[in-house]
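Student: Sequence first, predicted model second:
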Amino acid sequence: MERFVRLISMTTLLLLLALPLALASHDYGQALSKSILFFEAQRSGYLPHNQRVKWRANSGLLDGKASGVDLVGGYYDAGDNVKFGLPMAFTLTMMSWSIVEYGKQMAASGELSHAMDALKWGTDYLIKAHPEPNVFYGEVGDGNSDHYCWQRPEDMTTDRRAYKIDPSNPGSDLSGETAAAMSAASIVFRRSNPAYSRELLRHAIQLFEFADKYRGKYDSSINVAQKYYRSVSGYNDELLWAAAWLYQATNNQYYLNYLGKNGDSMGGTGWGMTEFGWDVKYAGVQTLVAKFLMQGKAGRNAPVFERYQQKAEYFMCSCLGKGTRNVQRTPGGLIFRQRWNNMQFVTSASFLATVYSDYLASAGRYMKCASGNVSPSELLSFSKSQVDYLLGDNPRATSYMVGYGNNFPRQVHHRASSIVSIKVDSSFVSCRGGYATWFSRKGSDPNVLVGAVVGGPDAYDNFADERDNYEQTEPATYNNAPLFGVLARLGGGHSGYNQLLPVIPPAPKQVVTRPKPASEPKVTPAPASSSSPIAIEQKLTASWNSKGKSYYRYSTIVTNKSAKTLKFLNLSVSKLYGPLWGLTKSGDSYVFPSWLNSLPAGKSLEFVYIHSASPADVSVSSYTLA
């Protein structure tokens, strides 16, 4: 459970080039598996047949019934039994972003299906909570009555009232974040479940329109949320955040222009942040917009997008301790924002630094901070240091992920894990009786909450493993979701693919509300003889229209078909009239990018370019096999 977070100052910075690599000292694959498993312990509703956390059972089966709507399902946010809409939606957005960026690594470790199952459990609930275009149910249960009781979810006797927003009682931050979550999730499911992906996108578009048209803070409409998840930052950051995700999901220029038109007035280019979390989304928006800029998508919005990027790098520099205003650190090196559940800021900052390091490396750039230039590998090293601290490399040698390592919290501030499973003892646990019997008990939890990331240590690396120490021992879903991607990335290393290339194909054309380009050039593979050891294949990956002119993004895959390692490659690229990423310019030709020294047998490299004409002519000038 969380109180609130605070906004920071304003400032500006600049930018530029380099490369990331990760070395494993922990079992990141095991940590990833456990961090995903935690979500099964947080499930509300009818548990599925493949439920792996066996000590949990069905709960909250009448949620929404009194309001005439089915709100069974979703997630409990932390150690309580309330379903809070704003942190749940943010959790799902970050889970989706983790999968979009690092789904390949998750698949390689066998965890992609589990991650997608965890995501769908949440998005299924969001669909139920949005029964009409301008109605969204943002909370089930209330924190006051819930916190008065210490009960298993299966025994709940607390008020399960449902609270909604509508045009008369708006909540732009809540509906905006939910639009972001459903947009991001639609990208994840586009290939495996296209009908479901389209359904999510339909809800996301409606929710964004609702958020933008009927503006207001959700906690002014759902007052019971104020004590627990108060929207301190307001709703402008969520509107920009939703627009950024809708652009990624639809490739619709309307949302890109929304970011450009409103960047200055809504704070996207003004707020220099030193935190990112369920309330304050600015650093996340700025990171995404910087990605669009590096992809060559900005168009006429480029001057505004450059200001977004300056603020994205202000955040990165502050995390590294190399900015004009830096994040506080504990003596052991953990970034420290606040004493209540500080670990949420650690995981979210680590995720942003991880993806941004890959964006920079993909673009062949480095970052300029107040104290000097920063390479992408330095950003990734920061993320690794934070995750390693979380997993046990700290002055206490304590893992703050339950069930990972030998020394982890045993008295977690969590109702379900601290009370004997209903499957072991079906005796009813009363509201106050739970406090008397289980909360005050000094022993280890009867149910190990595997994968839960707790609030973590104080500003001096101190930690007390006590159930009533909720500031340090309570876990939360939004602590874990950003960690998915970082753990997958650290466990998988750098696989050589370009983070600036779209992982998923563009959305179906019917969801685009702006005019389509008049015509698209036909793309054919670049000529290559069947006997050549180097194969070149080009394809059109996206197109859009700006000021009546059509632009196209091409992906070119170069494959080493020989049985030997390709040690040197010189490519000729002619009829190129726009920017190119993924190769290094050498005179009038192109060679391997800075992060690639050779191409093993059977492997491929990919580069991308953008211009307003048919594909460029790409051919091999020279090469060396060894």
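Tutor: Received, thanks.

Student: Might you list the low-confidence residue ranges for this protein?
Tutor: Counting by pLDDT under 70, the chain contains low-confidence ranges at 1-24, 494-531, 547-548.

Student: Mind naming the longest helix for it?
Tutor: As far as residue count goes, and with DSSP state H defining each element, the longest helix of the chain is helix 85-108.

Student: Contacts made by the next helix or strand after that one with the rest, please.
Tutor: Secondary structure here is assigned by DSSP states H and E; on that basis, the next helix or strand after helix 85-108 toward the C-terminus is helix 112-128. Contacts to helix 112-128, defined as C-beta atoms under 8 Å, 6 or more residues apart in numbering, come from residues 33, 36-37, 39-40, 43, 45, 50, 64, 69-75, 83, 88-89, 91-92, 95-96, 98-99, 103, 106, 178, 181-182, 185, 188-189, 192, 196, 199-200, 203, 484. Using the backbone N, CA and C atoms, a C-beta is placed for each residue, glycine as well.

Student: Could you chop the chain up by domain?
Tutor: Partitioning the chain according to the TED database yields domains covering residues 28-492, 534-625.

Student: Single out the most deeply packed of those.
Tutor: Mean neighbours per residue, mean count of other C-beta atoms under 10 Å, is largest over the domains of the chain for domain 28-492, with a mean of 22.

Student: end to end, how far does it reach?
Tutor: Using C-alpha to C-alpha, to the nearest Å, the span of domain 28-492 from its first residue to its last is 9 Å.

Student: ok, now stretch 184-202?
Tutor: By C-alpha to C-alpha, the extent of stretch 184-202 from end to end equals 12 Å.

Student: so how far is that stretch from its chain's centroid?
Tutor: How far stretch 184-202 lies from its chain's middle: 16 Å, per C-alpha atoms, centre = their mean, to the nearest Å.

Student: Relative to K585, how far out is the residue nearest to S574 when sequence neighbours are not counted?
Tutor: In space, S574 comes closest to D617 once its chain neighbours are excluded; the distance is 4.6 Å by C-beta to C-beta, 6 or more residues apart in numbering. When C-beta to C-beta, to the nearest Å is applied, the distance between D617 and K585 equals 16 Å.

Student: cool, N447 as well?
Tutor: On the measure of C-beta to C-beta, N447 and K585 end up 58 Å apart.

Student: Same question for F136.
Tutor: Distance from F136 to K585, by C-beta to C-beta: 50 Å.

Student: and what of H114?
Tutor: On the measure of C-beta to C-beta, H114 and K585 end up 42 Å apart.

Student: Repeat that for R339.
Tutor: Counting by C-beta to C-beta, the gap from R339 to K585 is 50 Å.

Student: Equivalent analysis for T559, please.
Tutor: Distance of T559 to K585, computed by C-beta to C-beta: 22 Å.

Student: just Y308 next, same as before
Tutor: 27 Å.

Student: now N394
Tutor: For N394, the distance to K585 equals 44 Å [C-beta to C-beta].

Student: and what of R329?
Tutor: Distance, R329 to K585, by C-beta to C-beta: 39 Å.

Student: and if you look at M116?
Tutor: Distance of M116 to K585, given as C-beta to C-beta: 39 Å.

Student: from memory Y137 sits against R160, does it?
Tutor: No: in terms of C-beta atoms under 8 Å, Y137 does not count as a neighbour of R160; the distance is 11.9 Å.

Student: List the contacts of the strand or helix carrying F39.
Tutor: If you go by DSSP H and E, F39 is part of helix 28-41. Identification of contacts with helix 28-41 by C-beta under 8 Å, 6+ apart yields 51-53, 56, 75, 106, 109, 111, 114-115, 118, 121, 387, 391, 401-404, 416-417, 447, 449-453, 475, 477, 480, 483-484, 487-488, 490-491.

Student: coming back round to it: need the contact list for the residue nearest to S574.
Tutor: Listed by C-beta under 8 Å, 6+ apart, the contact partners of D617 are 526, 572-575.

Student: List just the nearest of those residues to N545.
Tutor: Nearest to N545, judged by C-beta to C-beta, of the contacts of D617 is K575 at 21.5 Å.

Student: Do I have it right that the closest one meets A613?
Tutor: Yes: using C-beta under 8 Å, K575 is in contact with A613, at 7.1 Å.

Student: The most centrally placed residue in the chain - nearest residue in space that isn't next to it in sequence?
Tutor: With distances taken as C-alpha atoms, centre = their mean, M94 lies nearest the centre of the chain, 2.7 Å away. Distance criterion C-beta to C-beta, 6+ apart; nearest residue to M94, sequence neighbours excluded, is A481 at 3.9 Å.

Student: how close does the one you found get to G122?
Tutor: As judged by C-beta to C-beta, A481 and G122 stand 10 Å apart.

Student: Next: L596.
Tutor: The spacing between L596 and G122, counted by C-beta to C-beta, is 37 Å.

Student: need the contact list for C317.
Tutor: Contact partners of C317, counting by C-beta under 8 Å, 6+ apart, are 13, 323-324, 326, 367, 369-370, 374.

Student: what do you get for K567?
Tutor: Neighbour list for K567: 598, 624-626 [criterion: C-beta under 8 Å, 6+ apart].

Student: I'd guess it is in a helix, am I close?
Tutor: No: K567: not assigned to a helix; according to DSSP: H, G, I helix; E, B strand; the rest coil it is strand.

Student: Give me the distance between it and L596.
Tutor: 11 Å.

Student: Do I have it right that Y551 meets Y577?
Tutor: No: taking contacts as C-beta under 8 Å, Y551 lies outside contact range of Y577: 10.5 Å.

Student: tell me, what's touching these two both at once?
Tutor: Residues touching both Y551 and Y577 (C-beta under 8 Å, 6+ apart) are 611-612.

Student: what sits in contact with each of A481 and G122?
Tutor: Overlap between the contact sets of A481 and G122, as judged by C-beta under 8 Å, 6+ apart, is given by 91-92, 95.

Student: where does G455 fall, phi/psi-wise?
Tutor: Dihedral angles of G455 (phi, psi; degrees, to the nearest 10) stand at phi -60, psi -30.

Student: All further residue positions should be reported with the first residue as 460.
Tutor: With 460 as the first residue, the last one maps to G914.

Student: For the nearest residue to it once chain neighbours are set aside, give me its contacts.
Tutor: If the residues on either side of it in the chain are set aside, G914 comes closest to N800, at 3.9 Å by C-beta to C-beta, 6+ apart. Residues counted as contacts of N800 (C-beta under 8 Å, 6+ apart) are 461, 914-915, 930, 933, 935, 938.

Student: Repeat that for Y815.
Tutor: 746, 749, 771, 775, 835, 838.

Student: Quick check: which element contains it?
Tutor: Assessed by DSSP H and E, Y815 sits inside helix 802-822.

Student: Dump that helix to PDB, restricted to CA.
Tutor: What follows is helix 802-822 as a C-alpha-only set of coordinates in PDB (Å, rounded to 0.1, in the frame of the first residue of the first chain):
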ATOM      1  CA  MET A 802      11.800  -0.200  -3.600                       C
ATOM      2  CA  GLN A 803       9.100   0.800  -6.000                       C
ATOM      3  CA  PHE A 804      11.300   3.700  -7.200                       C
ATOM      4  CA  VAL A 805      14.300   1.500  -7.400                       C
ATOM      5  CA  THR A 806      12.700  -1.000  -9.800                       C
ATOM      6  CA  SER A 807      10.900   1.600 -12.000                       C
ATOM      7  CA  ALA A 808      14.100   3.800 -12.300                       C
ATOM      8  CA  SER A 809      16.100   0.700 -13.100                       C
ATOM      9  CA  PHE A 810      13.700  -0.200 -15.900                       C
ATOM     10  CA  LEU A 811      13.800   3.200 -17.500                       C
ATOM     11  CA  ALA A 812      17.600   3.200 -17.300                       C
ATOM     12  CA  THR A 813      17.700  -0.200 -18.900                       C
ATOM     13  CA  VAL A 814      15.500   0.600 -21.900                       C
ATOM     14  CA  TYR A 815      17.100   3.900 -22.400                       C
ATOM     15  CA  SER A 816      20.600   2.400 -22.500                       C
ATOM     16  CA  ASP A 817      19.300   0.000 -25.200                       C
ATOM     17  CA  TYR A 818      17.700   2.900 -27.100                       C
ATOM     18  CA  LEU A 819      21.000   4.800 -27.000                       C
ATOM     19  CA  ALA A 820      23.000   1.800 -28.100                       C
ATOM     20  CA  SER A 821      20.700   1.100 -30.900                       C
ATOM     21  CA  ALA A 822      21.000   4.600 -32.200                       C
END
